[in-house]
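*Asks:* Curious how this folds, go ahead:
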Amino acid sequence: MSRKNVLVLLTLCAALLGSLAIVATYPKFKKIEKRGPAPASVAVILPGDVSAASAVLERTFNNWFDFDRPDRFGSYQNKFPKDSPWSRFFLFRQSDARNRLFPSDEEILRNRGVDSFVQQYVRIPPQRRAQDVYLYEPSGDYYWESEYFYQGHPAKFRCSFLIHLEPAGESGTTVEIFEYQPIIWAGEYFGLSAHAVLPMMLHDIRPVDTTTRDRQALLKMIQSASSYGS
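*Replies:* The predicted structure follows:
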């Protein structure tokens, strides 16, 4: 190969590497906005004791162990219409010995991403969280619109929910909602994958702060179910 061809090849390689570097840094310049209030407590006091509040959750949401029963025949009777986002969520109890998905305190702190608000949940003494519930969408790839915007348009968002139940005086139960692992899907980026040799377009998944809108929607549903059942 002549010296001239070598120089041309080197120039092309340098240009390619430069282009790859620009593409690789592009995600850092994406405009991500949160259009919602600063994280704060989302809670309400329901009438009745913790057992009554727990029963409200049981009859409102799909229970994973009803869905996953080895002796179940036929299609599962979902408690929500198929087009409802809540039809995809399943309830896991802290107190259920079969439960392996309710995150431990260590997991919550290690996997919380940039969400510092959920640390308040871990600060609640464990004995006061014995009746808590985890609401989880098990597919891992269902997203919805929330408080986050990407390039001026609603960003795809997902999270799980930790529902804390605690006695409030003699005739009520405090229900407080926390989010676990809130993330957004902000388009794609050019990068390396463990499953491919060459760079490729990958989902740009980012951890974010907790939202208020989603916790309020969940709490409103629980309140409605409590009023309806009383």
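*Asks:* so Ser226, which of the three states?
*Replies:* Here Ser226 is recorded as helix under DSSP: H, G, I helix; E, B strand; the rest coil.
*Asks:* let me redo that: Met221
*Replies:* Going by three-state DSSP: Met221 is helix.
*Asks:* Looks like it contacts Ser84 (just checking).
*Replies:* No: contact criterion Cβ atoms under 8 Å: Met221 and Ser84 do not qualify, at 10.2 Å. In this view, the C-beta of every residue, glycine as well, is placed from N, C-alpha and C.
*Asks:* So for those two, which sits in the more crowded spot?
*Replies:* Under the criterion of other Cβ atoms under 10 Å, the comparison of Met221 against Ser84 puts Met221 first, with 14 against 11.
*Asks:* any idea how far Glu106 is from that one?
*Replies:* 30 Å (Cβ to Cβ, to the nearest Å).
*Asks:* Could you do Gly169 as well?
*Replies:* 33 Å.
*Asks:* and if you look at Ala225?
*Replies:* 32 Å.
*Asks:* Please identify which of the two sits among more neighbours.
*Replies:* Neighbour count, other Cβ under 10 Å: between Ala225 and Glu106, Ala225 has more, with 17 against 9.
*Asks:* Ile108: what secondary structure?
*Replies:* Applying three-state DSSP: Ile108 is helix.
*Asks:* can you pull the contacts of the nearest residue to it once chain neighbours are set aside?
*Replies:* Nearest residue to Ile108, sequence neighbours excluded (Cβ to Cβ, 6 or more residues apart in numbering): Val122, at 5.6 Å. When contacts are counted by Cβ atoms under 8 Å, 6 or more residues apart in numbering, Val122 is found next to 105, 108-109.
*Asks:* Repeat that for Met221.
*Replies:* 60, 86.
*Asks:* May I ask which of the contacts of Val122 has the most neighbours?
*Replies:* Neighbour counts for the contacts of Val122, by other Cβ under 10 Å, peak at Ile108, which reaches 18 neighbours.
*Asks:* I'd guessed that one sits against Ser160; true?
*Replies:* No: using Cβ under 8 Å, Ile108 is not in contact with Ser160; the gap is 10.4 Å.
*Asks:* Give the intersection of the neighbour lists for those two.
*Replies:* Common neighbours of Ile108 and Ser160 (criterion: Cβ under 8 Å, 6+ apart): Tyr180.
*Asks:* ok so, going back, what's the following helix or strand after whatever helix or strand the residue nearest to Ile108 lives in?
*Replies:* Using DSSP states H and E, Val122 sits within helix 119-123. Later in the chain than helix 119-123, the nearest helix or strand by DSSP H and E is strand 133-136.
*Asks:* Check the most centrally placed residue in the chain and give its pLDDT.
*Replies:* Nearest to the mean C-alpha position of the chain, by Cα atoms, centre = their mean, lies Cys159 at 0.9 Å. Listed pLDDT for Cys159 reads 97.
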